[in-house]
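Chemist: Predicted coordinates and the sequence they were generated for:
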Amino acid sequence: MESYLPISYLNDFIFCPRSIFLHQLFGQYDISLYHRSAQTFGRLKHDTIEKKNYSTAKRYLLNYDVYSIEFGLCGKIDIYDQEECKLVERKAHIKEIYDGYLFQIYAHYFCLKEMGNDIASLFFHSLKDNKRYSIPLPTEKEAFRLHELVEKIKSYRLEESFSQNQKKCFNCIYNPLCDVYEADNHSVEREIC
Ligand code: SF4
């Protein structure tokens, strides 16, 4: 039986293909070993959702398990407003809408749809500055790109040629664990995404 790929891998893979392997290797250890303050802030906010403290209203599905047989993906959405058919994904601090964010929300959208839910609008919410960003609904083109990305992740091998992006490495939560990261070579100002 084919296994489902976690939706969180989409963003990780776009950021750096190697980060998926580090996530798998070290995921069982204490997260404080490698998470920095901004990520911890975001995680605490997500913990609020996980403990179902965001709202007691039945209209909201919070931290809800979703999957798609078509895409072979599974994950958890943040907030789905069943009355307004609105999907909201929260991030610690959004400075830019990265491709990885978009693929994640598209994956959540396609999973929810396949599970029989209507979705009228998509939003990202930046927690630090309390800003909300409206995202157009994905089309066939985005569905095709998502399929392509899933196949790319499934076929990726750690031995494949890899070109390091020094700025990404500096900001990467896995850099203390990564064998190709050399902290001394980084002089750019730290900027946590
Ligand atoms: S430190 Fe650099 S190479 Fe290593 S996982 Fe992070 S981004 Fe990738």
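Modeler: Noted; the coordinates are in hand.
Chemist: for the protein, what spans make up the strands?
Modeler: Along the chain, the segments classed as strands by DSSP state E run 5-6, 60-68, 73-81, 86-91, 121-126, 131-135.
Chemist: what mean pLDDT does stretch 100-119 have?
Modeler: Stretch 100-119 shows an average pLDDT of 97 in the prediction.
Chemist: Give me the residue ranges of this protein where confidence is low.
Modeler: 1-2, 26-56, 183-193 (pLDDT under 70).
Chemist: repeat that with 50
Modeler: For the chain, residues meeting the criterion pLDDT under 50 lie at 31, 33-34, 38, 187-193.
Chemist: Quick check: the gap between residue 176 and residue 141.
Modeler: Between residue 176 and residue 141 the computed distance is 38 Å (CB to CB, to the nearest Å). In this view, the C-beta of every residue, glycine as well, is placed from N, C-alpha and C.
Chemist: Let me have the strands of the chain in a markdown table, extended by mean neighbour count.
Modeler: Below are those laid out as a markdown table (neighbours: other CB atoms under 10 Å):
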| stretch | mean neighbour count |
| --- | --- |
| strand 5-6 | 18 |
| strand 60-68 | 18 |
| strand 73-81 | 20 |
| strand 86-91 | 20 |
| strand 121-126 | 17 |
| strand 131-135 | 12 |
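Chemist: Switch those over to TSV; also include distance to the ligand.
Modeler: Listed next are the strands of the chain as TSV, based on distance: least, CB to the nearest ligand atom, whole Å:
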stretch	distance to the ligand
strand 5-6	17
strand 60-68	26
strand 73-81	21
strand 86-91	18
strand 121-126	22
strand 131-135	25
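Chemist: Export those to CSV and append columns for distance to residue 155.
Modeler: Compiled in CSV, the strands of the chain are given as follows (distance: least, CB to CB, whole Å):
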stretch, distance to residue 155
strand 5-6, 12
strand 60-68, 19
strand 73-81, 16
strand 86-91, 27
strand 121-126, 28
strand 131-135, 28
